[in-house]
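K.L.:
Show me the folded form of this:
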Amino acid sequence: MEKELSNLRKAMNSSTHKGIHFTDIQKKKIRASLDQQEINVIRKPNLSIYLITTLAASLFVLLFYTGLLANLSSNSGVNQGAKQTLESEWKVRDAYTRNSKILFSVSPDPYLSAGKPYGYLFSFKEPFDTYKGKEIEIYAINRETGGRINVLPSKKITEPSPGYSSLGRFTTMLVVPEDGIWKFEVFFDKKLYGDVVLPVGDQNKLILPQLFLPFN
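P.N.:
Modelled structure (predicted):
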């Protein structure tokens, strides 16, 4: 038995399980190889993350600029619409129309200017019963300053215009303090009936017609 154990030890000592199996050079190569693999693993880019990030950034930029352009276009449309509405509202006109029907028109003095009372002839088109017993008022608004003044205090309508069955010839004297474009708003019983827009000249620049005298 002792002899057999001795032979087994000799066999194991001669196997690869004992002794120096790797040289220093081999060890260095193995360590270098392991270090390089570790570096490659750490530095290996994650393509899926980069791809998702790039797509997300592109989508954000696309949505941002699309929304910006849409907003600019919308604002431009709103501003253009507001400008057209303002121009239409202040377009000079001597008649007020509703539902394609003229409710009234006005004929001011041909030499109408600011600072002095001038005559206005209003021609109301509806039957007299529409106006009978109501209070008429007229306000004037200046386009440039936005100033609003009462140019005709409340006056009760009791009878038609002389020679007419209605208010076909309602005359009054009105005065505005400065030249420019004025909107005249007509009210009946505090309710807006309609408006007209008239140019009012500067009295200092008013050109009067020349009088031609016969030669002696």
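K.L.:
List of residues touching stretch 152-163?
P.N.:
With CB atoms under 8 Å, 6 or more residues apart in numbering as the contact definition, stretch 152-163 has outside contacts at 128, 131-138, 166-170, 172, 174. C-beta here means a position set from N, CA and C on the backbone, and glycine is covered the same way.
K.L.:
Over to stretch 127-140?
P.N.:
Stretch 127-140 is contacted from outside by 124, 148-158, 160, 165-167, 170, 172, 174, 176, 182-190, using CB under 8 Å, 6+ apart.
K.L.:
mind redoing it with 7 Å?
P.N.:
Around stretch 127-140, the neighbours that count as contacts under CB atoms under 7 Å, 6 or more residues apart in numbering are 124, 148-157, 160, 165-167, 174, 176, 182-189.
K.L.:
Only the buried members of those: can you turn that into a ChimeraX selection?
P.N.:
To isolate in ChimeraX the members of the contacts of stretch 127-140 that are buried, counting by 16 or more other CB atoms under 10 Å, one can use:
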select :124,151,152,157,160,166,167,174,176,182,183,184,185,186,187,188
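K.L.:
returning to that earlier point: which of the contacts of stretch 152-163 fall in strands?
P.N.:
Using DSSP state E, the subset of the contacts of stretch 152-163 located in strands is 135-138, 170, 172, 174.
K.L.:
Quick check on those: which are buried?
P.N.:
136-138, 170, 174.
K.L.:
Turn these into JSON lines, columns for distance to Ala56.
P.N.:
Shown next, in JSON lines, are those (distance: CB to CB, whole Å):
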{"residue": "Ile136", "distance to Ala56": "68"}
{"residue": "Glu137", "distance to Ala56": "65"}
{"residue": "Ile138", "distance to Ala56": "65"}
{"residue": "Phe170", "distance to Ala56": "72"}
{"residue": "Leu174", "distance to Ala56": "68"}
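K.L.:
residues touching the closest residue to Lys183 other than its chain neighbours, list them.
P.N.:
The spatially closest residue to Lys183, leaving aside those adjacent along the chain, is Ile141, at 4.6 Å (CB to CB, 6 or more residues apart in numbering). Ile141 makes contacts with 148, 182-183, 185, as judged by CB under 7 Å, 6+ apart.
K.L.:
the domain parsing of the chain - what is it?
P.N.:
Using automatic domain parsing, the domain ranges for the chain come out as 2-43, 95-204.
K.L.:
Could you identify which of those domains is most buried?
P.N.:
Greatest average neighbour count among those goes to domain 95-204 (a mean of 15), per mean count of other CB atoms under 10 Å.
K.L.:
Figure out the length between the terminal residues of that one.
P.N.:
Start and end residues of domain 95-204 are separated by 28 Å (CA to CA, to the nearest Å).
K.L.:
Now do the helices in this protein.
P.N.:
For the chain, helices defined by DSSP state H occupy the ranges 2-13, 24-43, 47-89.
K.L.:
Make CSV from the domains of the chain and add distance to Phe60 to it.
P.N.:
Output for these, formatted as CSV (distance: least, CB to CB, whole Å):
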stretch, distance to Phe60
domain 2-43, 28
domain 95-204, 45
